[in-house]
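Chemist: Sequence and predicted structure, then a few things I'm wondering about:
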Amino acid sequence: MFRWLLVIVLALVLISGLTPLLRRLGFGRLPGDFRFRWLGRDWDVPLASTLLLSFVVSLLTKLL
């Protein structure tokens, strides 16, 4: 249980750190990515970007 919690926290920290770089590359602005403001904060729901990144990672793992 603790191991999975640690993996999730590390993944979230990594994704948060890479978000500015991914935005400059165009991720987060694809059709299907939602951005809205609620309770004074900007919220991002990158559905299309997540699907695209998982597809790319899947292709890389199959090639290696």
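Modeler: Cool, got the structure. A quick note: this is a predicted structure, and the numbers were derived from the prediction, not measured.
Chemist: Where does pLDDT dip in this protein?
Modeler: Under the criterion pLDDT under 70, no range of the chain is flagged.
Chemist: which residues of it fall in strands?
Modeler: Assigned by DSSP state E, the chain shows strands spanning 33-38, 41-46.
Chemist: Output the ones you listed as CSV; include the columns mean neighbour count and distance to Leu60.
Modeler: Every C-beta, even on glycine, is put in place using the N, C-alpha and C of the backbone. Formatted as CSV, the strands of the chain follow (neighbours: other CB atoms under 10 Å; distance: least, CB to CB, whole Å):
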stretch, mean neighbour count, distance to Leu60
strand 33-38, 10, 22
strand 41-46, 12, 19
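Chemist: Would you reformat the ones you listed as TSV and include distance to Leu12?
Modeler: As requested, the strands of the chain are exported to TSV (distance: least, CB to CB, whole Å):
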stretch	distance to Leu12
strand 33-38	18
strand 41-46	13
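Chemist: Who are the packing partners of the longest helix along the chain?
Modeler: Determined from DSSP state H, the single longest helix within the chain is helix 2-24. Using 3 or more CB pairs under 8 Å, 6 or more residues apart in numbering; DSSP states H and E as the contact test, no helix or strand touches helix 2-24.
Chemist: List of residues touching it?
Modeler: Helix 2-24 is contacted from outside by Gly28, Arg29, Ser49, using CB atoms under 8 Å, 6 or more residues apart in numbering.
Chemist: ChimeraX command for the buried members of those residues?
Modeler: Entered in ChimeraX, the line below selects the buried ones among these, by 16 or more other CB atoms under 10 Å:
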select :28,49
